[in-house]
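> Sharing a model prediction with you, sequence too.
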Amino acid sequence: MASKEIRGSYHVDEELEQQGKGLDDLIGKGIINRNNRNYLESRLKTNIRPLTESDDYEVYFSGKSINGSLLTGSLEAKKLDGFEKFTKYGGGDAKKILIPKGQALKFIDIGLQFTVIMTNLNEAFLYGDFVYGSSSADINPLGRQLSILMTPEVKINNFPYEPVAMLCGEQFVAVLDSCNRLWYCGIETHIGTASNNCTYDFVEIGLKKYLETEFNDETTHITHFRVGGRHLCLCINNRTIISTGANYFGQLGIINTPDLVPSVLPSTVVDALYSYTFVKSWNEDGKYRVRDVACSGNMTAILTECGKLFKTCNASEPIQAVVLDGFSLTTIGGNWTHILAHTSKNQMMGITDNHVTEFFSESPIKNCDNLQISTGTNSNYTYFIYSNNELYEPRNPNPVLKSSLPIVVCKMTSKATMVLCMNCKNNKSIVAMKRNMLQCTVSQGLSDILINVHQ
């Protein structure tokens, strides 16, 4: 095998090292990708970490492609035959994923009739359209680049701060960066309510300012970031839930409160998005620690470390605890109509907006250690469950999809399904090596490091 030598002198400031910083080039950019480092240091808990150029991945789409929304390369509406497979290089039964030449996949997610891809150069591309149905927008079946609006007069093509997560709602996409800035692009009114008022520029909404104001006496880490059909939800320091967006179903967890947008909208879409604010919707006193957060189309659910489940109900009631009748939950998810959960008795459970608990079926997956539930805004009780490299319908003992790589996320809308598979093993070993090198550098006083990397 070929061998590459990377040499460099590094000084690690002790105070910065204690804060988890000062690690920028500890073992060279050729080994640790800056994207992954920012994601790991952000403490964000999500299945979808940023892909790097060295990662192998598979993306599967099923459903109906409208205006090229499922990377068909054509504006012609097309019903896919089962799951269509995309990979980095294509070949065999797989197509090559549609991204600009010379760039690599970093994030991918779907909404109602669109897919958004972000590349390793922090450029975002839209396939399909945010607007439901027909649109007057210039739709490019090979991807329309989305700009980042820095000021009313200045647009750029790359995110200025390293993104750590990208998620799509029903008619929007939101990007969280390593500086706690939240960027929004898509439908403006109620964050997506059958409106044609739309922006194709990412606009920063006021998360960073809100955190600096409301959490100014403590170090702030966003530990969970989720989106519903028309709202966004974040967990701060594994405790406090904050939300913004539509609230006509009470999905923000605050009662008798309209959507977090002025009653009289500003004259432009961008000004309307600037006006959105956030609200503390649960656990302000920090009594509970959060294990996981899930959003359905019109609900939010919180699973605590002590096993309690809290859920929004409707616009006239606050977030309430759900009675679990003595069993515990292993994981939670959601579709448009239900919060979904897997129980310790290996049952799949659905909870309606008015807290009615419905048991759907026993899970067909017998080894439940890694069981996960699909997310998204699909209706009609449909959802998938998955473990390792197998995807199941809840009542089917046979997998509907068996991938070559582990499944990390399954996203469903009423029009389509996306399954993302990726190999994470190499990055874990790289992170471990990075930590060992840091310990050597600090404890042994090494100023020059020689690393031989076999490729």
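Happy to help now that I have it.

> can you list the weak-confidence ranges in the stretch 1-150 of the chain?
When the per-residue scores of the stretch 1-150 of the chain are filtered using pLDDT under 70, the ranges that remain are 1-43, 46-48, 134-137.

> what sits against Ile319?
Neighbouring residues of Ile319 by CB atoms under 8 Å, 6 or more residues apart in numbering: Gly253, Ser281, Trp282, Thr300, Ile302, Phe310, Lys311, Thr312, Cys313. Glycine gets a C-beta too; all of them are placed from N, C-alpha and C.

> Not counting residues beside it along the chain, what's closest to the first one?
I take that to be Gly253. Ser281 (3.5 Å; CB to CB, 6 or more residues apart in numbering).

> Which parts of the stretch 301-450 of the chain are strands?
With DSSP state E, counting those that start in this stretch as the definition, the stretch 301-450 of the chain shows strands at residue ranges 309-311, 320-321, 329-334, 339-343, 347-351, 357-362, 372-373, 375-376, 385-387, 390-392, 401-402, 407-412, 416-422, 448-454.

> Let me know the angle separating the fourth one from strand 347-351.
In this case it means strand 339-343. Following axes from the mean of the first three to the mean of the last three CA atoms, to 10 degrees, one obtains 150 degrees for the angle between strand 339-343 and strand 347-351.

> List of residues touching strand 339-343?
Identification of contacts with strand 339-343 by CB under 8 Å, 6+ apart yields 294, 296, 299, 301, 303, 309, 311, 327-334, 348-351, 363, 368, 371, 373-374, 383, 385.

> quick one on the thing from earlier: check contacts around the residue nearest to Gly253.
With contacts taken as CB under 8 Å, 6+ apart, Ser281 has the following neighbours: Cys233, Ile241, Ile242, Ser243, Leu252, Gly253, Ile254, Thr300, Ile319.

> Could you export the strands of the stretch 301-450 of the chain to JSON lines, including columns for distance to Val290 and mean pLDDT?
Supplementary listing: these in JSON lines, determined by distance: least, CB to CB, whole Å; pLDDT from 0 to 100:
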{"stretch": "strand 309-311", "distance to Val290": "10", "mean pLDDT": "94"}
{"stretch": "strand 320-321", "distance to Val290": "14", "mean pLDDT": "88"}
{"stretch": "strand 329-334", "distance to Val290": "11", "mean pLDDT": "92"}
{"stretch": "strand 339-343", "distance to Val290": "15", "mean pLDDT": "92"}
{"stretch": "strand 347-351", "distance to Val290": "18", "mean pLDDT": "89"}
{"stretch": "strand 357-362", "distance to Val290": "21", "mean pLDDT": "78"}
{"stretch": "strand 372-373", "distance to Val290": "17", "mean pLDDT": "94"}
{"stretch": "strand 375-376", "distance to Val290": "17", "mean pLDDT": "91"}
{"stretch": "strand 385-387", "distance to Val290": "22", "mean pLDDT": "94"}
{"stretch": "strand 390-392", "distance to Val290": "27", "mean pLDDT": "95"}
{"stretch": "strand 401-402", "distance to Val290": "31", "mean pLDDT": "96"}
{"stretch": "strand 407-412", "distance to Val290": "20", "mean pLDDT": "94"}
{"stretch": "strand 416-422", "distance to Val290": "24", "mean pLDDT": "96"}
{"stretch": "strand 448-454", "distance to Val290": "38", "mean pLDDT": "43"}
